[in-house]
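Visitor: What follows is a predicted structure for the sequence shown.
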Amino acid sequence: MATQKFYLALDLKDDANLIAEYKELHENVWPEIKKSIQDSGIEVLDIYCTGNRLFMIIEADADFTFEKKDQADAANEKVQEWETLMWKFQQALPWAKPGQKWILMDKIFEL
């Protein structure tokens with residue numbers, strides 16, 4: 001049962017053809033990518049799109065950390081191949097640090 005939730009944002013390049021191709025690739029995410037996500041402790045990972053803005057919701061177990069996920073991803077050749085391919089479509093948010101893709105969002109309201 002997921003005990004942690006994270007919300008992240010990233011932009012796609014503002015090109016209708018690239019956005020369509022990105023969405024198509026996500027209809028058939030490589031099995032190795034799905035396995036790496038699940039192996040990290042992520043139980044639910046949803047990505048939403050509006051225009052060229054992406055919004056990701058992650059629900060993860062208590063042991064999940066982004067640091068452990070980053071280390072595992074760095075050692076996984078297939079994940080690196082996927083991430084390189086994804087960068088063809090993605091662009092960093094204007095306030096991102098160099099090399100930073102997905103940015104954690106801060107909760108500013110709750111009801």
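Guide: Received it, and whenever you're ready, just let me know what you need.

Visitor: Could you identify the longest helix within this structure?
Guide: Looking across the chain with DSSP state H, the single longest helix is helix 16-27.

Visitor: what's in contact with it?
Guide: 12-13, 47, 49, 52, 85-86, 88-90 (CB atoms under 8 Å, 6 or more residues apart in numbering). (C-beta placed from N, C-alpha, C; glycine too.)

Visitor: Compare those residues and tell me which is most surrounded.
Guide: With neighbours taken as other CB atoms under 10 Å, the top of the contacts of helix 16-27 is Phe89, carrying 21 neighbours.

Visitor: ok so, going back, sort out which of the contacts of helix 16-27 are in helices and list them.
Guide: Among the contacts of helix 16-27, the members found in helices (DSSP H) are 85-86.

Visitor: Return the member of the contacts of helix 16-27 nearest to Glu110.
Guide: The shortest approach to Glu110 among the contacts of helix 16-27 belongs to Ile47, at 22.2 Å (CB to CB).

Visitor: Which residues are in contact with that closest one?
Guide: The contact partners of Ile47, by CB under 8 Å, 6+ apart, come to 26, 54-56.

Visitor: ok, so of those residues, who is nearest Glu110?
Guide: Among the contacts of Ile47, Phe55 lies closest to Glu110 (CB to CB), at 16.9 Å.

Visitor: Can you give me the separation between the closest residue to the closest one other than its chain neighbours and Phe6?
Guide: Nearest non-adjacent residue to Phe55, counting by CB to CB, 6 or more residues apart in numbering: Tyr48, 4.5 Å away. Tyr48 sits 14 Å away from Phe6, going by CB to CB, to the nearest Å.
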